[in-house]
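Chemist: Okay, sequence plus prediction incoming.
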Amino acid sequence: VMPTPPPSSTWHLVGGGAVGMALAHRLHATGEPVRLVTRTPRPDPVELVYRDGDGPPVTWSCPTTSPAADSPAGGRTVDRLVVSTKAYSVGDVLDVWGPRLAPGARVFFLQNGTGFRRPGDLPEDVHALDVVNTGFAAFRSGERTVTQTGHEPFQIGDAMGRSTPAVDSIVDDLDRLNRAGIQAIWTPSIREHQWRKI
């Protein structure tokens, strides 16, 4: 008997760049709750425009938040965090969002390379997942407009090199990404993929 997938929870996407904006739209388009995390407060929601290659532009309302607006007073309530910033910003992101991660939360790191996380950055009961982007490409053609130009998969794995995800919630996350047209492939060889990308 297959376990019942856990209930959906919000995808917090840190980084307002092209990849973060494209991911937010793809997830939102399949009914996933998303929230774009920005450094400074922006309108909530903010009107964004998404284009898939030469396809027609789609205008949509994206929920947003900022560290100042999302007070940690509510405790550890964030279940999914996608960090799509530059590697040198990861420490700052986790200083703010680490204390807000719920037990069992999943954090997806979309940075190139290794060694950008510090010991103790994440609570011990949180799952750190490394993501290697082999061709999910997008660019910002305006302040609030993103155009996606590549659809190659994300390779996802953990530092332990597990052959399968550690918990069902990670399997569920990958299923949700795939349903959104975001190819998410689990790999036990994430370090090898990271070195190839470098």
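Modeler: Sure thing, it's come through.
Chemist: The helix or strand of the chain with the lowest mean pLDDT packs against which elements?
Modeler: When each helix and strand of the chain is scored by mean pLDDT, DSSP states H and E, helix 190-197 comes last, with a mean of 81. On a contact count with 3 or more CB pairs under 8 Å, 6 or more residues apart in numbering; DSSP states H and E, helix 190-197 meets strand 127-133, strand 154-157. C-beta coordinates here come from the backbone N, C-alpha and C atoms, glycine included.
Chemist: can you list contacts of the helix or strand following the first one?
Modeler: Translated: strand 127-133. Counting by DSSP states H and E, the element after strand 127-133 in chain order, helix or strand, is strand 138-142. For strand 138-142, contacts defined as CB atoms under 8 Å, 6 or more residues apart in numbering pick out 17-19, 21-22, 49, 51, 146-150.
Chemist: Return the distance of the helix or strand just after strand 138-142 from the chain's centre.
Modeler: Elements were assigned by DSSP H and E; along the chain past strand 138-142, the next helix or strand is strand 145-148. Strand 145-148 has its C-alpha centroid displaced from the chain centroid by 17 Å (CA atoms, centre = their mean, to the nearest Å).
Chemist: So which bits of strand 145-148 are buried?
Modeler: Buried positions in strand 145-148, judged by neighbour count with 16 or more other CB atoms under 10 Å: 145-148.
Chemist: For it, give the mean pLDDT please.
Modeler: Taken as a whole, strand 145-148 carries a mean pLDDT of 95.
Chemist: my guess is L13 meets E32, correct?
Modeler: No. Using CB atoms under 8 Å, L13 is not in contact with E32, being 10.8 Å away.
Chemist: Who has more neighbours out of those two?
Modeler: L13 (28 against 18; other CB atoms under 10 Å).
Chemist: can you tell me the helix or strand for the more buried one?
Modeler: For L13, the host element (DSSP H and E) is strand 11-14.
Chemist: counting contacts, what elements does that strand pack onto?
Modeler: Helices and strands touching strand 11-14, by 3+ CB pairs under 8 Å, 6+ apart, are helix 18-29, strand 34-37, strand 78-83, helix 90-97.
Chemist: repeat that with 7 Å
Modeler: Applying 3 or more CB pairs under 7 Å, 6 or more residues apart in numbering; DSSP states H and E, one finds that strand 11-14 contacts helix 18-29, strand 34-37, strand 78-83.
Chemist: would you turn these into JSON lines with mean neighbour count and distance to I185?
Modeler: Below are those laid out as JSON lines (neighbours: other CB atoms under 10 Å; distance: least, CB to CB, whole Å):
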{"stretch": "helix 18-29", "mean neighbour count": "23", "distance to I185": "16"}
{"stretch": "strand 34-37", "mean neighbour count": "24", "distance to I185": "21"}
{"stretch": "strand 78-83", "mean neighbour count": "24", "distance to I185": "16"}
